[in-house]
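Participant: task: produce atomic coordinates for the following.
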Amino acid sequence: RQIGAGISMYITDNNGTFPSSSGYDFSGSGAISFGFSHYQAPLPCLLGVGSNKPTTFAARADYDTPKAKHPFNCPSCKTDFRTYAANMHAMAFLPGGNDYKPRKMGSLSNLSQLLLIADNTAGDSLGDKGKGNFSSSDYMTVIGTRHAGRANMLFGDLHVETLSRTTLDASKNIKQQ
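Facilitator: Numbering: from 1, shown residues only. Got it, this is the predicted structure:
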């Protein structure tokens with residue numbers, strides 16, 4: 001829910017545009033790419049836990065630890081950090097010259113069914129470190145199920161549900177035209 005609140009503030013401050021799932025750092029220093037939950041990305045900074053705002057974290061090393069208490073660490077995952085992945089179809093994927101450009105909320109349909117953010121596989125029995133974004137082609141291996149076989153998921157209308165990843169229909173819930 002906190003990540004959804006951050007996305008809502010970002011959309012309000014950026015003319016209805018969703019934040020990118022990966023892109024330039026918040027300071028505008030150039031072509032360095034960061035995932036949406038990275039210490040220097042817009043959402044952590046907007047929520048007051050990143051490097052560009054007053055924060056309780058003295059350094060990135062304090063942020064990038066499973067013990068850090070911030071919205072991008074799932075409290076159920078004790079072995080890894082930054083435990084959520086973003087939908088690169090809806091939230092863009094920059095830089096890299098790919099097809100996923102920044103999207104305005106008004107350009108997307110069925111927001112109540114559009115998956116934006118989900119638990120990633122960090123700390124799952126798969127032994128994966130967890131990926132920061134997913135697409136319709138890899139969500140089955142990126143979305144984690146650390147909550148009794150289910151994942152916490154944030155949708156485009158900013159409501160949260162706990163679902164199994166197999167209940168998602170990629171053409172309906174992930175990919176947008």
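Participant: name the residue most distant from the centre of the protein?
Facilitator: residue 58 (22.7 Å; C-alpha atoms, centre = their mean).
Participant: give me the below-cutoff pLDDT ranges for the chain.
Facilitator: Along the chain, the model assigns pLDDT under 70 to residues 24-33, 52-56, 94-99, 125-129, 171, 176-177.
Participant: over to the most centrally placed residue in it: give its phi and psi.
Facilitator: Nearest residue to the geometric centre of the chain (C-alpha atoms, centre = their mean): residue 86, 3.4 Å. Dihedral angles phi and psi of residue 86 (degrees, to the nearest 10) take the values phi -110, psi 150.
Participant: from memory it sits against residue 36, does it?
Facilitator: Yes - here residue 86 reaches residue 36: they are 4.6 Å apart, a contact under C-beta atoms under 8 Å. All C-beta atoms are positioned from the backbone trio N, CA, C, and that covers glycine.
Participant: mutual contacts of those two, please.
Facilitator: Common neighbours of residue 86 and residue 36, counting by C-beta atoms under 8 Å, 6 or more residues apart in numbering, are 21, 22, 117, 132, 133.
Participant: and for the last one, the neighbour number?
Facilitator: If you count neighbours by other C-beta atoms under 10 Å, residue 133 ends up with 25.
Participant: name the nearest residue to it, ignoring sequence neighbours.
Facilitator: Among residues not flanking residue 133 along the chain, residue 21 sits closest, at 4.0 Å (C-beta to C-beta, 6 or more residues apart in numbering).
Participant: same check on the fourth one?
Facilitator: Counting by C-beta to C-beta, 6+ apart, residue 132 lies nearest to residue 35, which is 3.1 Å off, once chain neighbours are set aside.
Participant: tally of neighbours for the one you found?
Facilitator: With other C-beta under 10 Å as criterion, residue 35 counts 22.
Participant: which residues touch it?
Facilitator: Contacts of residue 35 by C-beta under 8 Å, 6+ apart are 21, 22, 41, 82, 86, 132, 133.
Participant: just give me the neighbour total for the fourth one.
Facilitator: Just to be clear, that refers to residue 82. Neighbour count of residue 82, defined by other C-beta under 10 Å: 27.
Participant: same for the longest helix anywhere in the chain, what does it pack against?
Facilitator: Taking DSSP state H as the criterion, the chain has its longest helix at helix 2-13. Packing partners of helix 2-13 (3 or more C-beta pairs under 8 Å, 6 or more residues apart in numbering; DSSP states H and E): helix 42-46, strand 115-119, strand 151-155.
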